[in-house]
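A.B. asks: could you work out the structure for the sequence below:
(one chain, ligands or ions: 1)
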Amino acid sequence: MQQWLHCISALISYRDRVKLADFYNHTLKNKLALTASYVVYPTDDGRALHAADNKDWTWDVSDFDHPFSHVLQQASLILLDHKRLVYWQQNKEFKQLAELVDTTSSLLIAPLFNNHKQIIAIQVLIGKQDIINGLLTDDNWHEFSDAFVAQWTLLKDMEMQDSHKQQLSDSIVRLKAQQRAKDAWLDMTCKLIGSSTVMEQLREQIAMAASSNLAVLIQGETGSGKELVAKAVHSLSSRRNKPFVAINCAAIPESLLESELFGYEKGAFTGALISRKGLIAQADGGSLFLDEMGELPLALQAKLLRVLETYQYRPLGSNKEQSSNFRLIAATHVNLRQSVNDGGFRQDLYYRIYQYPLLVPNLNSRLIDINELATYFIRQYNDREQRNILGLSPSALNKLKSLDYPGNVRELRSLIEFACVQTQCDVLIEKSAFTTKLPLGIKIAVDKFVTNGNDFTVIDDLRTALESYEKAIICNRLEQYNGDRAKAAESLGLPKRTLAHKCQKLGIQNR
Ligand SMILES: Nc1ncnc2c1ncn2[C@@H]1O[C@H](COP(=O)(O)OP(=O)(O)OP(=O)(O)O)[C@@H](O)[C@H]1O
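C.D. replies: Just a heads-up that it's a prediction; the model follows:
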């Protein structure tokens, strides 16, 4: 008895059902000098029975060509000797079991009941006939199998609780992910304004692009909202919690662009006093947004292509390859295919970034969105300037709808902001507030030196005065060419890149 108690206390220390069954079977086999001992238990769906330590043995509970189904149905044990086993030869797996029974042995199949008289498993014992017969009245065996059933049931309950907890936490994770996706979608609809069909379609395309890891190429006219679209792709993607790193390829001199992108080691060039991480490294795990991609110099195009193929790069002055897992989002207002034909853009890079193209519609093709956009910009103006402009009068809205917008949404925005400045609080914006279009927005950017009719006595800072003068000239020229930078640059004898750089430096928004 003492020995059995020892086995029972060992048995209740098991936390894994398969190992528990293994220990139980081994103990019975050794202590009772049996040929074999198995525990057969139902699968989770209750349709089949498994042998705990032989995954190949499976019995369908609805088949009655093996004795287990009968034991389950009758809820009573079956004792089979060698002779009676000849009736159970049809089932392949059971036949393998039966082959262990010789002429002097018996096979006992006994249901194991829990406290609620439910069968939780079936005990299969093979041994010499006298031993098997003696077992039926052996209290030690009964107590040991009761302890096994209690422990088995406990572990099964714990597994079910764990599995319920897991299901619950999985569904919480799923719900949170769904909520985040909904929030990101809502955020996009709040920032990327427009209910026209083309904008609705664009939003759907953005969501699809975001769900993939493909490089995205955003094409559209200047000021049409390409950067907003790029941010939306990032925010809707699984990379949303990682950095969104943006650079305008046209606004940075060619000599600086490479070090900005790739970073550099201390001493890589004169002035590199410390090592600096490039934008490619900063975008690791997130998105790298290359605005005005069409302006990327050819030499850098080749280097970028290599990075996009391997996601490996080497900072300037370093001999070590580094890697960055970023998603490329590129934008351009130029026709890149045409640039490829003209030799200004590498064809291989074009196809590498043209994986998921998104076309942002120009404002002239969706005048229906003007009211919504105007209301949005007025609300932003009111919040920013603590004013209360009530909205647009019907005639003002009609006027806005009749205009042409080469500068797209950016142009509309300047126009609205200009009209807001001209309008009193608590009234609607009238048509007269838009006396002229772009020029007004630009003129207010010119500072006091210019508006004071070149009165040199007002100058108290030469650098600022020169910047103002430069700004006035550029704004004026942009106005003359309806925001077309290429024409403005040509007329001023400047490369387009230099003009872009100056606009960036002087804070000139209109393009
Ligand atoms: N659909 C829109 N809803 C709200 N604001 C918009 C929308 N489209 C553009 N804007 C606003 O217009 C301005 C220009 O947008 P954005 O910078 O995204 O344009 P872009 O196409 O990237 O311009 P560029 O070609 O000059 O780089 C921004 O102030 C932006 O917030």
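
A.B. asks: how much space between the residue in the stretch 151-300 of the chain that the ligand sits nearest to and Lys303?
C.D. replies: Closest residue of the stretch 151-300 of the chain to the ligand, C-beta to the nearest ligand atom: Gly225 (2.6 Å). All C-beta atoms are positioned from the backbone trio N, CA, C, and that covers glycine. Distance, Gly225 to Lys303, by C-beta to C-beta, to the nearest Å: 29 Å.

A.B. asks: more neighbours: these two, which one.
C.D. replies: Using other C-beta atoms under 10 Å as the criterion, Gly225 and Lys303 rank with Gly225 on top: 27 against 16.

A.B. asks: which residues in the stretch 51-200 of the chain form helices?
C.D. replies: 67-74, 92-98, 129-135, 139-191, 197-211 (DSSP state H, counting those that start in this stretch).

A.B. asks: now these as TSV including mean pLDDT, mean neighbour count and distance to Ser395?
C.D. replies: Shown next, in TSV, are these (pLDDT from 0 to 100; neighbours: other C-beta atoms under 10 Å; distance: least, C-beta to C-beta, whole Å):
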stretch	mean pLDDT	mean neighbour count	distance to Ser395
helix 67-74	93	17	85
helix 92-98	89	17	88
helix 129-135	93	16	102
helix 139-191	92	14	28
helix 197-211	95	17	25
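
A.B. asks: switch the ones you listed over to CSV; also include distance to the ligand.
C.D. replies: Shown next, in CSV, are the helices of the stretch 51-200 of the chain (distance: least, C-beta to the nearest ligand atom, whole Å):
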stretch, distance to the ligand
helix 67-74, 67
helix 92-98, 67
helix 129-135, 82
helix 139-191, 6
helix 197-211, 7
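
A.B. asks: state the mean pLDDT of stretch 336-349.
C.D. replies: For stretch 336-349, mean pLDDT rounds to 93.

A.B. asks: Ala272 and Pro315 touch, don't they?
C.D. replies: No: using C-beta atoms under 8 Å as the test, Ala272 is too far from Pro315 to be in contact (10.2 Å).

A.B. asks: need the overlap of contacts for these two.
C.D. replies: When C-beta atoms under 8 Å, 6 or more residues apart in numbering defines a contact, the residues bordering Ala272 and Pro315 alike are Tyr264, Glu265.

A.B. asks: these two: which is more packed in?
C.D. replies: Neighbour count, other C-beta under 10 Å: between Ala272 and Pro315, Pro315 has more, with 22 against 15.

A.B. asks: helix/strand/coil for Thr222?
C.D. replies: Assigned by DSSP: H, G, I helix; E, B strand; the rest coil, the conformation of Thr222 is coil.

A.B. asks: residue numbering should commence at 51 henceforth.
C.D. replies: Will do, 51 is the new start, and the previous item becomes Thr272.

A.B. asks: list phi and psi for it.
C.D. replies: phi -60, psi 140 (degrees, to the nearest 10).

A.B. asks: tell me which residues touch it, please.
C.D. replies: When contacts are counted by C-beta under 8 Å, 6+ apart, Thr272 is found next to His383, Gly457, Asn458, Arg460, Gly533, Arg535, Arg561.

A.B. asks: by pLDDT, rank these and give me the bottom one.
C.D. replies: Arg561 (45).

A.B. asks: please tell me how far Tyr314 sits from Ala300.
C.D. replies: Taking C-beta to C-beta, one finds Tyr314 at 22 Å from Ala300.

A.B. asks: and the residue in the stretch 351-500 of the chain positioned nearest to the ligand, what pLDDT?
C.D. replies: Shortest the stretch 351-500 of the chain-to-the ligand distance, computed as C-beta to the nearest ligand atom: residue-wise this is Val459, at 3.4 Å. For Val459, the pLDDT comes out at 96.

A.B. asks: the ligand contacts on the stretch 301-450 of the chain?
C.D. replies: Residues of the stretch 301-450 of the chain found near the ligand (C-beta under 6 Å from any ligand atom) are Asp341, Ala381, His383, Leu423, Tyr426.

A.B. asks: give the contact list for the closest residue to Lys292 other than its chain neighbours.
C.D. replies: In space, and not counting its chain neighbours, Lys292 is closest to Gly336: 3.4 Å by C-beta to C-beta, 6 or more residues apart in numbering. By C-beta under 8 Å, 6+ apart, the contact set of Gly336 is His284, Arg289, Lys292, Pro293, Phe294, Val295, Phe376, Arg377.
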